[in-house]
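Chemist: Any chance you could fold what I've pasted below:
(one chain, ligands or ions: 2)
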Amino acid sequence: MNILKRTLKITIMDAEMTLEKEGKIDHLNGLGLEKTNSVLLSTKTLVQHITSETLFHEIMHVFGLKHCNENSCLMNKEVKNDSFLCGKCEKELEKGIVKEMKNRLQSSV
Ligand SMILES: [Zn+2]
Ligand SMILES: [Zn+2]
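Modeler: Ligands and ions are numbered 1, 2, ... in the order given. Next up, the predicted model:
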């Protein structure tokens with residue numbers, strides 16, 4: 001899938017999003033799915049903090065970025081206001097884009 005030509009499906013749901021993991025219920029603010037190019041956001045869990053950071057975080061998942069341990073990084077599991085991608089994640093994103101561009105050039109020859 002060419003990430004430069006993706007159409008993102010962004011769905012904002014009025015339902016709670018939960019994920020059961022090892023018997024523990026996790027409340028999700030959003031979900032970004034790389035395979036289906038879709039971003040799901042829940043207004044129930046986001047009521048107080050629907051932020052552009054959360055949206056970008058989920059979009060970055062669609063672009064293949066994983067969670068990052070860097071505290072101030074946008075890809076940290078806990079999305080903070082005014083956070084940006086850390087250097088490592090920025091490189092990952094660049095790598096993904098460069099790879100897609102190369103694939104695209106090769107397939108058009
Ligand atoms: Zn995430
Ligand atoms: Zn990071």
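Chemist: Report the residue spans of the chain with pLDDT below the cut-off.
Modeler: Where the chain drops to pLDDT under 70, the residues are 1-6, 45-51, 108-109.
Chemist: What ranges does it have for its strands?
Modeler: 9-13, 18-21, 24-27, 30-33, 38-42 (DSSP state E).
Chemist: Which of those strands sits closest to residue 87?
Modeler: Smallest distance to residue 87 across those (CB to CB): 20.9 Å, for strand 30-33. The C-beta positions use only the backbone N, C-alpha and C, and glycine is treated the same way.
Chemist: That closest one pairs with which strands, parallel or anti?
Modeler: strand 38-42 (antiparallel) (DSSP bridges).
Chemist: Other residues contacting the partner strand?
Modeler: 8-17, 28-33, 50, 54-55, 58-59, 61-62 (CB atoms under 8 Å, 6 or more residues apart in numbering).
Chemist: Can you tell me which of the strands of the chain is nearest to ligand 2?
Modeler: strand 30-33 (14.7 Å; CB to the ion).
Chemist: Could you tell me which residues within that closest one count as buried?
Modeler: Across strand 30-33, burial judged by 16 or more other CB atoms under 10 Å covers 30, 31, 32.
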